[in-house]
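>>> pasting the structure only:
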C-alpha cells in the first residue's frame, strides 16, 4: 500500500513538473513571437522617416499628410503591449495608405528609384509583420489554451502565469473587403 501511495505521489510530481515546463516553454515562445514582431516594427519605423524625407520635396502641398505619418509613427513607436501596439500600428497603416494613395498623383515620385525602393522595402516589411503577428497569435493561443485547460490550469494558477494578449483588428474599417474597380 505504501508503494502505491509513493508511486501516485511520484506520478503527480512528475506531471506537475511536465505541466510547468510546458507552460514555461509556451510563455517563452510567446515572448519570442513578440520580439519577432518588435524587430519588424522597428524596421518599419526606421523606414518611414526615410520615405517621408524622400517624398517631402515633391509633395510640397501634402505637408499635413506627411506630418500625420510622422506623428502616427511616433505614437506606434511608444506603444506598449500587443493591444496598444495593434491599435497604433493600425492607425499608422491607415495614414501610410493615404500617403501611398497621394503619391500616385505625383508621376515624378513613381519614377524616383529611391522612393520606389523604400516603398518596396515597406511592403516587404508589412508582409513580414503580418507573418510575425500570425505566428505570435498562434503561439499565444496555444499558451492561453494550455493555461486555461484542466489540469494544467492548476499549475498556471499556482505559479501565476498571465494570459497573453493577442493582436486583433481594432479598426472596423480594416475588416471591410477592399473595393476593386477594374473599369477602364
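Cool, got the structure. Predicted, not measured: the structure shown is a model, and the values here were computed from it.
>>> least trustworthy helix or strand in the chain by mean pLDDT?
None of the helices or strands of the chain scores lower by mean pLDDT, DSSP states H and E than helix 107-111, at a mean of 78.
>>> contacting residues around residue 156?
23, 146, 147, 148 (Cβ atoms under 8 Å, 6 or more residues apart in numbering). Heads up, the C-betas are built off the backbone N, CA and C, glycines and all.
>>> Which ones among the residues you listed lie within helices?
With DSSP state H as the criterion, helices contain 23, 146, 147, 148 from among the contacts of residue 156.
>>> Please list only the buried members of those residues.
Using 16 or more other Cβ atoms under 10 Å as the burial test, the ones in helices among the contacts of residue 156 include 23, 146, 147 as buried.
>>> Go through these and name the one nearest residue 85.
residue 147 (21.3 Å; Cβ to Cβ).
>>> isn't the closest one right up against residue 23?
Yes: applying Cβ atoms under 8 Å, one finds residue 147 in contact with residue 23, separated by 6.4 Å.
>>> What's the local residue count around residue 166?
15 (other Cβ atoms under 10 Å).
>>> re the thing from before, okay, the buried ones among the ones in helices among the contacts of residue 156 in TSV with distance to residue 59 and pLDDT next?
TSV is the format used below for these (distance: Cβ to Cβ, whole Å; pLDDT from 0 to 100):
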residue	distance to residue 59	pLDDT
23	51	97
146	50	97
147	49	96
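>>> Just put the residues you listed in JSON lines and tack on distance to residue 100.
Converted to JSON lines, those look like this (distance: Cβ to Cβ, whole Å):
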{"residue": "23", "distance to residue 100": "43"}
{"residue": "146", "distance to residue 100": "41"}
{"residue": "147", "distance to residue 100": "40"}
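>>> so how far is stretch 134-151 from its chain's centroid?
Per Cα atoms, centre = their mean, to the nearest Å, the displacement of stretch 134-151 from the mean C-alpha position of its chain is 17 Å.
>>> In that stretch, which of the residues would be classed as buried?
136, 137, 139, 140, 142, 143, 144, 146, 147.
>>> Of those, which is the nearest to residue 13?
Using Cβ to Cβ, the buried residues of stretch 134-151 come closest to residue 13 at residue 146, 19.1 Å.
>>> wait, doesn't that closest one sit right on residue 25?
No: Residue 146 lies out of contact with residue 25 (Cβ under 8 Å); the separation is 9.4 Å.
>>> any idea how far residue 86 is from residue 133?
Taking Cβ to Cβ, to the nearest Å as the measure, residue 133 falls 8 Å from residue 86.
>>> Between the two, tell me which one has more neighbours.
Shown here are residue 133 and residue 86; by other Cβ under 10 Å, residue 133 has more neighbours (23 against 20).
>>> what helix or strand is that one on?
Assessed by DSSP states H and E, residue 133 sits inside helix 113-148.
>>> That'll do, ta.
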